[in-house]
Every structure is written in C-alpha cells, then in structure tokens.
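Colleague: Pasting the sequence and the predicted coordinates here, then a few questions.
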Amino acid sequence: MANLELKDVSKVYGSGVSQLTALDHVNFSAHEGETVLIVGPSGSGKTTFLTIAGGLQTPSTGEVLINGNGYSSTNKHAQSDLRLHKIGFVLQAYNLVPFLTVAEQFELVDKVKQNNMSAERFEDVLDTLGIKDLLAKYPKELSGGQRQRVAIARALYADPEYILADEPTAALDTNRSLEVMSLFNQLAHKYQKAVIVVTHDQRLEAKADKVYQIIDGKMSLLSNNIE
Amino acid sequence: MFLAIKEIKHEKLRYALITGMIMLVSYLVFILSGLSSGLQTLNSAAIDTWGANAIVLNKDSQLILPQSVVAPTDVKRATAAGGAKLVQFGGLVKDSSGHKESVQTVGIDPNEFIYKDLKIETGKTITADNQVVVSDNLKVDGFKLGDTIKFANTDVSAKIVGFTKNANLNIAPVVYTTITTAQKITERPGVVNGVVFKDAKPDVSGLRTSQVYGIDEFVNALPGNSAQTMTFNFMIGFLMVIILIVITIFLYILTIQKLPNFGVLKAQGVATKYLVKNTLFQSFLIAVIGVGIAVILTTITAVILPAQVPIFISASYVAVTAVLIIVMSLLGSLIPIREIVKVDPYTMIGG
Ligand SMILES: Nc1ncnc2c1ncn2[C@@H]1O[C@H](COP(=O)(O)OP(=O)(O)O)[C@@H](O)[C@H]1O
Ligand SMILES: [Mg+2]
C-alpha cells in the first residue's frame, strides 16, 4: 500500500539570531485513497511542510519516506525523477504554462514522461472536473476556478500516487473552494490517490478524511474520519 | 522541442522581433562584406586574372608598381626565369565622341604569359602596337570596339580591338596595350615597372636593385587596400558582438519572465535538461530563420543593385558568416540558460 511518511522531520532556516524553526519534529503519514488536510495560519510552516514532503527541499533532520524508501537523502536528479513519476503538485499560482492550451498542458506531460493516464480514464477525469470544453483554451482565457481544476487534472494526468496541493483554493470563493475540496476527496477515493492539501481555510475541514493542524511548525492530528 | 515551438507560435510578435533583429544585423554583415570584397575586387581583380604568384619590384618602390623601376639587368634575369614584364600608369583616355575615363594602362609583352593568357570577351587580342584591349567596364561608359582612344597629355592614340573581363586595378578599369606603346606614352623607353611570375618561388638570383615579393604582399600594399579591409573587418566584428548582446538581452528578458513557469515545471519533475534544450533550440531556430531571410535579401540586393555599386557576394563567405552568427546566437542563450539551471522550484512556490 502506497504511503508517504515524515519521520521526526525538522526544518531550520537561517542561523544565529535569525534562526527560525519552520518545522518542529513533525510526524505525518498519508495513504492512498485518502484526503489529508493540513490547516494552519499564515507562516505556520505549511509550504515548508509540503515542499519537504514533495522533495523540493531537504529536511534539516528527520526523514521522508515514500512507500517505505528514504527520499530526502537521495540526489537532486533522483528527486526530480520521483516528482515526475510519483507526485503531482497543485499550487496556488503559475500552475499552467501560459503559452500552452489546456490540451497542450497534458501533451507536455506526454513529452517528458511515459505511462500517463489512459484515454478512457482521462476522459473520466475531464468529466469529473467539468473541463472538457476548455481543451482549446489558453490559461488566460479561464477563470480562477477553471484554471485550478485544469491544474488538478494536469497533476492527475501523470498518474502520480500522491497529490500535494498548496492552498489550492486561495483564489476561489467559498462555494468554489468547497467544490474543489470535494473534488479532491472524490478523486482520492475514485483513483486511489493520496491527496495532501495544506490551507489556512478551516472551512475545508469537513471535506477531508484526516485533518492535521500546524502551528509554529508543530503538527498535531485534529480529526480522523477514516477509522 | 514541443515547448520551444509552441511558445514561438503563441508569442509571434516577440519572436518576430528578435528574428527581425538578427535578420537585419546579418543582412548588414553580408552587405558590408559584399562591399568590402567588391571594393577589393576593384582594387585588384586584374592581378587575379594574371594568375601571378610573385613579383619583382624595385626595393625602394614600397611595393607600388607604378613607383617601381626595375634595372635593365634585373629585368633580363627575371624574364629569363619566366617572368612577364609590366608597365603600369594611371591617366585619362578619351574617344572621338567625347567619352572620357580615368584608367590604369598596363603594358604587356606579346611574348610573355600575361599577354598569352589574356582572356578576350569580345573582339580579338592585341596584334600590333597602338592597339588596346580594355576592361568591359568601359563599355558601360560608351566606349566601343573599333574606337580610337587618345591618351591625355600625349599624342599617342590606339584602337580598341577587344574587351576583357575583371580588368580593374587601383579602382580603375585597365587598358592593356603593348609594352612598347606604353613606354611611348610614358616617354620612358625601356623602363619596366615590375616583372611577375606564375611560380611563387621563381628561380631568380643576382638581382641588384630589386627583390622578389609574394603577390599577396603586393596586393596588400595596394594604396588604401589594407586600411579598407581593416575598416570593414572592424565593422563586421562589431556587428557580431552586437548580435551576441542583442540575443543575450532578448533571451534574458524572456527567460526571466518565464522563470516562475520553469520553477513550477521543475517542481513537477520536468528535467532541467529538457528546459535548457528547448531554450537552446529556440535560439537556434530564430537564428537560422533570421540568417536565412538575410541570405535571401542579400541575394536579391546583389541582383537588383546597379552594376556601378561594387558588391561581390561570395557564397563561401556568407556560409561561414551565417554559421558564425548562429553560433553567436547560441552563445547568447548561455546566460539565460544559467538562470534556468539556477532557478529553485521551491522559491517559485513558497508564499
Ligand atoms: N527560505 C526561507 N528562508 C528563511 N525563512 C523562511 C524560508 N521559507 C519560509 N521561511 C519562514 O518559515 C516560516 C514558515 O513559512 P511557510 O512554510 O512558507 O509558511 P506558510 O506556508 O504556512 O505560510 C515563516 O516564518 C517563513 O517566514
Ligand atoms: Mg505558504
């Protein structure tokens, strides 16, 4: 069973007086088929957590394990490769390449990686996300919500085991935010992905399987709707 | 090269501008080099047609043929070694209908190789004194076969019996005549200015007041020749540097604007190598297109320019320059590429 684990991970930025502990002995795990929400105020360490979990940064101490294998200690190239194959990032902004149409965003994935989603499953994803009619459009012709849904589809298209989303609803109103969160939930269950969402928006808690809270780099489990 | 091409298609104006820049500068380089070799041709084309590789000149002549007088004994030794005597001087010629032209008169000996190798385009070759074979440039000025021309400030006249191609020396058309006629015009019977050889290392020894020089050395010493070549080479060199700077600046600005996207693509696991390859390919593509259009424009220009404009486009020179410009463009993308390599996906995502 696919799982992503952080074991006693700390991240310290800077040194001396300007030293800042952004993550403080964090333990965490996410499994396929579940949505995990991490809620915390601005500056609490959410992005730091997500980038370490996704291999964009290395922890100061502790370890990140993907399917039981140490990840954070491998080299940059191997990490990039792992991101390509196992992880899909959905970010707050800049998710899409501005000069590619929606269809071409997916084509680009085909250019850099094999074994992407089959045509039928992809059709299904497009349906679920309601973006089938947008394939010929450029990102600037889309609304914020549409862009975010395309970004989610793009992350899913590479067929990763994990989806890491950093404040994916920051640009959306309440209804849209809840919709996107339900979508993540639905996708996690339907396609057996582990979806990890960090946000400062507590309204999303109801839509997650597991909710962690992060404050000043310390993480604690708030609720677990799985067992 | 998916990203590269899609981006160019989407940002047509931007890339058209860079391509246009490269095109214009390349065009300028080609035309300048065309003019440079065109002028060079005006200065020395006749020498090329002789097929000479060495020349005997007076040691004190500073390698200027009309300024040189080869001593009679030296002339004897040189001609014995297969040399061809030359008399050269500049002056005005007129025909009976009033056409006037400043020319370089070259006296040659009918027994020697320059005379024998002289290619006649129309008419026939010189068979007696007071006959001339002249540069076909004089046709444009109204001179005709059978005309009698008069050498200014003398009472010598001669009949045009033939025209020859590429006969230019010191930026003037050449009038070939017999060495005797030439000496009659200069009123210096027996005076020879120089002796040329096909052989690069002619077997002459015992020269007293003269010396054997290589023909390149002689051509370089033609009045104004090296100054001219250097001026053009400097301009061309500067243009090359400008191409490098323009490409670097353009690509740098474009790349900096795209860094957040590159950062996210890297976060998504797209290899840096892929992004770098696309950027290099873009530079290559715009350079090839820019240079390609410039080559076409240059060809058109060379065809439509009036014959009086001395322009000589050498295919091999254009090819070498084109490759050089393309290399410059690739070099110009190095700094932007460094930015792509440097961008840390984390910093593009944080916040
Ligand atoms: N590269 C960095 N260098 C120094 N401090 C950083 C860096 N990145 C983040 N921080 C600090 O670490 C803390 C957590 O940041 P971040 O993980 O971005 O929080 P969040 O995403 O929850 O707003 C903040 O105080 C922030 O200023
Ligand atoms: Mg953040």
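Modeller: Perfect, thanks for sending it. Ligands and ions are numbered 1, 2, ... in the order given.

Colleague: Could you list which residues are in contact with the closest residue to residue B:271 other than its chain neighbours?
Modeller: Nearest non-adjacent residue to residue B:271, counting by C-beta to C-beta, 6 or more residues apart in numbering or on different chains: residue A:80, 6.2 Å away. Heads up, the C-betas are built off the backbone N, CA and C, glycines and all. Under the criterion of C-beta atoms under 8 Å, 6 or more residues apart in numbering or on different chains, the neighbours of residue A:80 are B:266, B:269, B:271-272.

Colleague: can you list the residues of chain A near chain B?
Modeller: A:47, A:51, A:54, A:56-57, A:80-85, A:87-89, A:91-95, A:97-100, A:104, A:107-108, A:111-113, A:138, A:155, A:158, A:166 (C-beta under 8 Å from any C-beta of the partner chain).

Colleague: Among these, name the ones in helices.
Modeller: A:47, A:51, A:80-85, A:104, A:107-108, A:111-112, A:155 (DSSP state H).

Colleague: Show me which of these is closest to residue B:64.
Modeller: Using C-beta to C-beta, residue A:111 comes nearest to residue B:64 of these, at 66.4 Å.

Colleague: still on that earlier bit, which members of the contacts of residue A:80 define the maximum pairwise distance?
Modeller: Largest pairwise distance in those, by C-beta to C-beta, is 10.7 Å, between B:269 and B:272.

Colleague: quick one, which of the two is more surrounded?
Modeller: With neighbours defined as other C-beta atoms under 10 Å in any protein chain shown, residue B:269 and residue B:272 compare such that residue B:269 has more, 25 against 18.

Colleague: Chain neighbours aside, what residue packs nearest to the more buried one?
Modeller: Closest to residue B:269 by C-beta to C-beta, 6+ apart is residue A:84, at 2.7 Å.

Colleague: do the same with residue B:141
Modeller: Residue B:141 sits nearest to residue B:101 (C-beta to C-beta, 6+ apart), 5.3 Å away.

Colleague: part of a strand, is that neighbour?
Modeller: Yes. Assessed by DSSP: H, G, I helix; E, B strand; the rest coil, residue B:101 belongs to a strand.

Colleague: ok, now which ones touch it?
Modeller: B:92-93, B:138, B:141, B:143, B:173.

Colleague: ok so, going back, please render the contacts of residue A:80 as CSV that adds secondary structure to the earlier fields.
Modeller: As requested, those are arranged in CSV below (three-state DSSP):
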residue, secondary structure
B:266, helix
B:269, coil
B:271, coil
B:272, helix
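
Colleague: follow-up on the earlier one: so what sits opposite the residue nearest to residue B:141 in the bridge?
Modeller: residue B:93 (DSSP bridges).

Colleague: distance of it from residue A:198?
Modeller: Distance, residue B:101 to residue A:198, by C-beta to C-beta, to the nearest Å: 88 Å.

Colleague: who does the host helix or strand of residue B:346 touch, helix- and strand-wise?
Modeller: Element membership for residue B:346 (DSSP states H and E) is helix B:345-349. Helix B:345-349 is packed against helix A:46-53, helix B:225-267, with contacts defined by 3 or more C-beta pairs under 8 Å, 6 or more residues apart in numbering or on different chains; DSSP states H and E.

Colleague: hmm, 6 Å instead?
Modeller: Here helix B:345-349 touches helix B:225-267, going by 3 or more C-beta pairs under 6 Å, 6 or more residues apart in numbering or on different chains; DSSP states H and E.

Colleague: How far does the helix it packs on sit from its chain's centre?
Modeller: Here helix B:225-267 is found 26 Å from its chain centre; the criterion is C-alpha atoms, centre = their mean, to the nearest Å.

Colleague: Give me the angle between it and helix A:46-53.
Modeller: Counting by axes from the mean of the first three to the mean of the last three C-alpha atoms, to 10 degrees, helix B:225-267 lies at 100 degrees to helix A:46-53.

Colleague: Please name the nearest non-neighbouring residue to residue B:322.
Modeller: Per C-beta to C-beta, 6+ apart, closest to residue B:322 is residue B:291, 4.7 Å.

Colleague: Surely the one you found and residue B:325 touch.
Modeller: Yes. Between residue B:291 and residue B:325 there is a contact under C-beta atoms under 6 Å: 5.3 Å.

Colleague: Common neighbours of those two, please.
Modeller: In terms of C-beta atoms under 6 Å, 6 or more residues apart in numbering or on different chains, residue B:291 and residue B:325 are both contacted by the residues residue B:26.

Colleague: Alright, calling it a day.
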